[in-house]
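*Asks:* Build me a structure from this.
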Amino acid sequence: MNILKDLQYGDLTEDLQMIYDVCGEQVVMQLIENLGGLSFYVPKITRFDDLIYRFITENKMETHKKLAARLGVTEQYVKSIVKRYKQS
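*Replies:* Residues are numbered from 1 along each chain as shown. Next comes the predicted model:
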């Protein structure tokens with residue numbers, strides 16, 4: 001779409017401005033060109049339990065507190081993931 005070359009930051013929705021700020025202009029343009037009209041939910045890291053558990057098992061030498069800090073989650077969340085996966 002040629003009209004997109006004239007798109008300015010102020011023309012973007014608040015959501016697209018946030019994406020622009022984090023990912024840059026090129027990503028926003030690609031999203032508009034290829035995925036325009038679609039809605040997306042971007043989950044927090046806590047929605048990826050398998051990933052979190054792999055990370056925990058790959059970093060067994062670290063305390064739950066340190067793992068939680070690295071992941072940006074609570075220590076209780078780390079413990080609950082460990083407990084849940086040990087039970088299954």
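*Asks:* hey, let's count contacts and neighbours off CA atoms from now on
*Replies:* OK.
*Asks:* and E58, how many residues sit next to it?
*Replies:* Neighbourhood size, E58 [other Cα atoms under 10 Å]: 10.
*Asks:* meant to ask about M18
*Replies:* 13.
*Asks:* Quick check: buried residues in the one helix or strand R70 maps to?
*Replies:* Element membership of R70 [criterion: DSSP states H and E] is helix 64-71. Buried positions in helix 64-71, judged by neighbour count with 16 or more other Cα atoms under 10 Å: H64, L67, A68, L71.
*Asks:* which residues does the closest residue to the second one other than its chain neighbours contact?
*Replies:* By that I understand L67. Nearest residue to L67, sequence neighbours excluded (Cα to Cα, 6 or more residues apart in numbering): I56, at 7.1 Å. Contact analysis of I56 by Cα atoms under 8 Å, 6 or more residues apart in numbering lists L67, V78, V82.
*Asks:* what's the distance between I56 and K66?
*Replies:* Separation of I56 from K66 (Cα to Cα, to the nearest Å) stands at 10 Å.
*Asks:* do E14 as well
*Replies:* For E14, the distance to K66 - Cα to Cα - is 34 Å.
*Asks:* A69: what's its closest spatial neighbour, skipping adjacent residues?
*Replies:* Among residues not flanking A69 along the chain, E75 sits closest, at 7.9 Å (Cα to Cα, 6+ apart).
*Asks:* Could you pull up the residues touching I52?
*Replies:* Counted by Cα under 8 Å, 6+ apart, I52 has contacts I45, T46, I81.
*Asks:* Can you list the low-confidence ranges for the chain?
*Replies:* Scanning the chain with the threshold set as pLDDT under 70 gives 1.
*Asks:* What segments of this structure are helices?
*Replies:* Using DSSP state H, the helices of the chain run over residues 14-23, 25-35, 49-58, 64-71, 75-87.
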